[in-house]
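# What follows is a protein structure lacking sequence information:
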């Protein structure tokens, strides 16, 4: 199979190289082609400047936080199809899945960031919560560290280790870009990106993006389809600017390879099945549909002073059949498999208002920011376990299978229970997060020293409701103050030292909807944490190097085994003790020389359990947090073929534990990726050919143990694409 896939991709690459050679022979004297090729190759893939929530846009060296922006050019060049694939460039981030479903869950500095808490243009609750196509966005911004002051409390209950903010594309110039792509095993599709400015003084702008993909993935029996569209309109005239962004996503996965649970902590980690193995039931699926919009208005009311207002909403629909295997024998791979059906609906609204300005007085400068935010979220869901028909004509909630030799069974019937109305899911939670904030960044000694002090007052209201009686079962109504202090010292224009103390405040976790969980959907109270961080940043040529040392902690939520004779695999989700993470991050992003680009770095993370029940696991490593991580990508332009770019990346993840007793350990793993880009010029327009192979060795490995679930790494995946740009 791989030979067939590789031959297709190689044919595309050879076609591009052959066409480029012929074209070069015809136009060797035309230096204009070289200019076009060089301009394409020098488009930045990673930047460090950008918006920081309440603080607004800040240059990297003037920011007391560790921030990176992965650009639309990187997304295009690396053929990334999800946010997780974009973040494979980041040594502080690992991507896993939600509990039992296909949702991407990001682990930043050892703490979870769910899709509910990924922001768009600084607004929470607008982003599609499970899978996100990155093609709609100009930048994927990653903030390492807590962000309660910068963005407000995360409504989904995650994000204490860092945040992700998506920046929409805007119409800056006339553009038409079309891409056709292929990914193994037979995923075919493409995307387009078109825009321009029009009207008097180019006051109006419009940019439209679309994505379509469908086919079989390299995992046996797994199919995916993606239909995405987005439009960004803006009006800029005089002192004012208005932006309107709308998006639609329809993502479907059929027979998705699930995570794996172990029946108890006494079992050893089972050997990894074949790289392309699939132990899903053929009727399992995930269907996601999201519609969202956000608007922003900015008015410069005076020199260096801007008033802004933003608001948005998201309407989400999800539907899924899930069947997670629970291994009962690690040697043979014997397992049981239950079924869970979950329909879900979300209706979220979000808004913010504020003013930012600068002034100087008494030899100091001041950057003032004052404003407020409001996030409203309502979730409706239901669930039903499945009844497998037995030979005797009865039903059972479990069937036997094997992760090495899966057993396909017929889709079970819905068992009547307390999961609510499947056709009209009941409201189970409602939250209202409001806040006001103020900050001042004081510049001393010609802004060589910048001191930031700010505070956000937050009010959190969380209601939970019964699925059967619809009555409110609990209410959390509290306020909290989350301050921030940061300092930046710039001894030279290209080097800065920084430090910060910032807090995290999130809604408490929700127990997963799972057939074996005894308290499904239970909402825990919000909590706060404190982070301390110091670091350094250095810009040399087009390369940015960063160093950060940090410490933070949070209450720890996980599932513990609570077996009974009637339910031997039963678990209960608890919040028990604290998890303290401290570590070091090193990053390198940019071009130290014209022919070489570096993307990535490394991190060390000591994630330790504290104050656990009875002190039985005090000092143990936290579940699913590797000791160290390395993501290092290199891009090389060979001197003998200036239109080509050779790419390579290594992803290495240290050991991690599946259980709090630290008896179930995953080995470290390493993955290698290779690729090639080639640019030819047709009538002064670039045509780019790309081919890449991820996990070129087709290595089999458990990639994550986060949350107490085993997630298998992706098999070798070959991708190829052609982009035409005008």
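Received the coordinates, thanks. All figures in this text were calculated on a predicted structure; none of them were measured in a lab.

# hey, let's count contacts and neighbours off CA atoms from now on
Fine.

# For this structure, which segments count as helices?
2-26, 31-41, 72-77, 83-86, 148-151 (DSSP state H).

# Show me which parts of the second one are buried, residue by residue.
Same thing as helix 31-41. Judged by neighbour count using 16 or more other Cα atoms under 10 Å, the buried positions of helix 31-41 are 33, 34, 36, 37, 41.

# What ranges does the stretch 251-400 of the chain have for its strands?
Taking DSSP state E, counting those that start in this stretch as the criterion, the stretch 251-400 of the chain carries its strands at 261-262, 285-302, 305-322, 325-327, 334-337, 340-361, 364-381, 384-389, 395-396, 399-402.

# ranking the helices of the chain by mean pLDDT, which is last?
Ranked by mean pLDDT, the helices of the chain end with helix 2-26 at the bottom, a mean of 40.

# for stretch 142-154, how far is the first residue from the last?
End-to-end distance of stretch 142-154 (Cα to Cα, to the nearest Å): 15 Å.

# now do stretch 266-277
25 Å.

# For residue 81, which non-adjacent residue is spatially closest?
Excluding its sequence neighbours, the residue lying closest to residue 81 (Cα to Cα, 6 or more residues apart in numbering) is residue 133, at 5.9 Å.

# do residue 601 as well
residue 587 (4.3 Å).

# what's the distance between the one you found and residue 538?
For residue 587, the distance to residue 538 - Cα to Cα - is 10 Å.

# Comparing those two, which residue is more hemmed in?
residue 587 (24 against 19; other Cα atoms under 10 Å).

# For the more buried one, give me its contacts.
By Cα atoms under 8 Å, 6 or more residues apart in numbering, the residues touching residue 587 are 91, 544, 545, 546, 547, 599, 600, 601, 602.

# which residues touch the residue nearest to residue 494 when sequence neighbours are not counted?
Closest residue to residue 494 apart from its sequence neighbours, by Cα to Cα, 6+ apart: residue 539 at 5.1 Å. Neighbouring residues of residue 539 by Cα under 8 Å, 6+ apart: 494, 495, 545.

# thinking again about what came up before, tell me how far the residue nearest to residue 601 lies from residue 44.
16 Å.

# try residue 348
34 Å.

# Looking at those two, which is more packed in?
Applying other Cα under 10 Å to residue 348 and residue 44 shows that residue 348 carries more neighbours, namely 21 against 17.

# wait, that one sits on residue 125?
Yes: the pair residue 348 / residue 125 is scored as a contact, 5.8 Å apart, by Cα atoms under 8 Å.

# Give me the below-cutoff pLDDT ranges for the stretch 551-700 of the chain.
557-558 (pLDDT under 70).

# So what's the residue count around the residue nearest to residue 81?
If we define neighbours as other Cα under 10 Å, then residue 133 has 20 of them.

# list the contacts for it?
81, 82, 83, 228, 249.

# Just give me the closest of the residues you listed to residue 523.
Of all those, residue 523 sits closest to residue 83, with 26.9 Å by Cα to Cα.

# residues contacting that closest one?
Residue 83 neighbours (Cα under 8 Å, 6+ apart): 131, 132, 133, 134.

# would a markdown table of the residues you listed with distance to residue 725 be doable?
What follows is the contacts of residue 83, written out as a markdown table (distance: Cα to Cα, whole Å):
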| residue | distance to residue 725 |
| --- | --- |
| 131 | 27 |
| 132 | 24 |
| 133 | 21 |
| 134 | 19 |
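
# picking up where we left off before, can you flag the buried ones in the contacts of residue 133?
By neighbour count, with 16+ other Cα under 10 Å, these hold 81, 83, 228, 249 as buried.

# Pull the contacting residues for the residue nearest to the last one when sequence neighbours are not counted.
Leaving out its chain neighbours, the residue that sits closest to residue 249 by Cα to Cα, 6+ apart is residue 228, at 4.5 Å. The contact partners of residue 228, by Cα under 8 Å, 6+ apart, come to 133, 210, 211, 212, 247, 248, 249, 250.

# No more questions from me, cheers.
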